[in-house]
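> I'd like to go over a predicted model; first the sequence, then the structure.
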Amino acid sequence: MIFTHFHTQVSAPRFHHSSSRRAIARTVLLLLALTVVVAGLPASVAAMDIIPFQSSNQSPLIRIFGLPAIGSASVVPAGKFEGTLTSDVTNSFATDSSGTEAVMLDGETYRFNLAVRYGIAPGLQIGIDIPYLAEGGGILDGFIEDFHDTFGLPQGDRKSFPRNRLLYQYSNNGATKVLVNDGSNGIGDIRLSGAWQLHQGDTESPLAVALHASIKLPTGNSNRLFGSGSTDFALWLTASDDCKLPLGHLTVYAAAGGMALTDGDVLEDQQRNLAAFGSLGLGWSPLDWLALKVQADAHTSFYTGSSLRQVNSGSVQLVSGGTIGFGDKTFLDLGVSEDVLVATAPDVVFHVALRQRF
């Protein structure tokens, strides 16, 4: 059946000018705020290592798979640990219908992830990621609506539906195939990982390349969309290069890879078994304790048999923000993620990651 009050949109994935304006507005505001901080401080020789945001698509129908954060192009030194505690606060609102299909993704999720990496030998690291999720109606709908009104940005039908509601629902051919409408919390799908340093330049040649691999285990509850019920394998390359500037230094980084997925429990008759993903980012460190970063993350579709972009579409997200260093072993990432390809990722994700080297 088709949900009443749903607003029909064009289903083909495409760049949306309203979404792009929204992303640019928030990016500019964040970077301006950080620039004001920089302008009031004395210049210094920049030394902070710039690594990618440890982010991925947090859409309720995508986060369940083993889509990895791309990681650093430099592995953890032998005998050393690195721990990262990440918090992603995700506010989703997307509704669409076409033919016999209808989808509603309306809710808020707080995802916490503990990632530990250890250098077991020179140029070789292993790791584990343990996620914990809490989902509900949340508290951010009013703030986001006010932000859109203040800057003249479209609401995308937000005001036509109740605030702070949880409803993840998808129906096809008269059958409800996904339904989550009450809040809960629990562990997600645990991931094991490894990385091999293929190249590590010296101070005169800072190019770094690492080969990463991961396996995601079906430990989360797929009925709650805390996991997919599938075992997912990912293999990818991450590379970065750096150059000195008159003020600080600039780092460019990128990643590309693929995934193989076993059959899962969520939309099992529509799930794809192969996917590709990649990232491209840029970071500038004007001070030895501060870096500003912009990063685009993309992936191909994880589903088939749907004309709705919320289900069957590739995705591109833009993450903008920066890193603050507290000494040479403790770092704090602050970022905001937006859906560049409209409705293929959450409206907004607030990303915070605290990283500690041991």
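Cool, the structure landed.
> for this structure, what spans make up the helices?
Using DSSP state H, the helices of the chain run over 17-39, 141-150.
> Go through those and find the least confident stretch.
The minimum mean pLDDT among the helices of the chain belongs to helix 17-39 (a mean of 49).
> Looking at this structure, which strand is longest?
In the chain, taking DSSP state E as the definition, the longest strand is strand 101-121.
> Going by contacts, tell me the helices and strands next to that strand.
Helices and strands touching strand 101-121, by 3 or more CB pairs under 8 Å, 6 or more residues apart in numbering; DSSP states H and E, are strand 81-98, strand 124-136, strand 167-172. Using the backbone N, CA and C atoms, a C-beta is placed for each residue, glycine as well.
> buried sites along the first one?
Right, strand 81-98. Residues 82, 84, 86, 88-98 are the ones in strand 81-98 that count as buried (16 or more other CB atoms under 10 Å).
> for this protein, which spans come out with low pLDDT?
Scanning the chain for pLDDT under 70 picks out the ranges 1-47, 141-143, 145-161.
> With adjacent residues omitted, what lies nearest to E82?
Excluding the flanking residues, the one nearest E82 by CB to CB, 6 or more residues apart in numbering is R117, at 4.5 Å.
> residues touching the one you found, list them.
By CB atoms under 8 Å, 6 or more residues apart in numbering, the contact set of R117 is 75-76, 81-84, 125-127, 193, 195.
> Apply 10 Å and report the result again.
Neighbour list for R117: 71-72, 75-76, 80-84, 125-129, 193-195, 355, 357 [criterion: CB atoms under 10 Å, 6 or more residues apart in numbering].
> just to revisit the earlier point, nearest to D241, of the helices and strands packed on strand 101-121?
When these are compared by CB to CB, strand 124-136 sits nearest D241, at 20.5 Å.
> Name the strands paired with that closest one and say parallel or antiparallel.
Strand pairing for strand 124-136, determined by DSSP bridges: strand 101-121 (antiparallel), strand 184-187 (antiparallel), strand 191-200 (antiparallel).
> Dump the last one to CSV, keeping only the CA atoms.
Going back to what we said before, that points to strand 191-200. Extracted in CSV, the C-alpha atoms of strand 191-200 (Å, rounded to 0.1, in the frame of the first residue of the first chain):
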residue,chain,number,x,y,z
ARG,A,191,33.9,-4.9,12.3
LEU,A,192,37.4,-6.4,12.2
SER,A,193,40.1,-4.7,10.1
GLY,A,194,43.6,-4.6,8.9
ALA,A,195,45.9,-2.4,6.9
TRP,A,196,49.3,-2.7,5.1
GLN,A,197,51.6,0.2,4.4
LEU,A,198,52.4,0.0,0.7
HIS,A,199,54.4,3.3,0.6
GLN,A,200,55.5,5.8,3.2
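> measure G66 to S193 for me?
Distance from G66 to S193, counting by CB to CB, to the nearest Å: 10 Å.
> buried ones in the longest strand of the chain?
Within strand 101-121, the residues that qualify as buried are 101-113, 115-119, counting by 16+ other CB under 10 Å.
> for D232, what are its contacts?
64-68, 189, 191, 214-218, 259-262, 264, 273, 275, 302.
> Give me the phi and psi for the residue lying closest to it once chain neighbours are set aside.
Leaving aside its sequence neighbours, D232 sits nearest to G66 (CB to CB, 6+ apart; 3.1 Å). When quoted as degrees, to the nearest 10, the phi and psi of G66 stand at phi -90, psi 40.
> contacting residues for the residue nearest to the spatial centre of the chain?
The C-alpha lying nearest the average C-alpha coordinate of the chain belongs to S56 (CA atoms, centre = their mean; 2.3 Å). Shown in contact with S56 (CB under 10 Å, 6+ apart): 62-63, 65-70, 88, 277, 279, 297, 299, 315, 317, 319, 337, 345, 349.
> Filter these down to the ones in strands?
Counting by DSSP E, the part of the contacts of S56 found in strands is 88, 277, 279, 297, 299, 315, 317, 319, 337, 349.
> what about the helices and strands packed on strand 101-121, which gets the closest to H199?
Among those, the nearest to H199 by CB to CB is strand 124-136 (13.9 Å).
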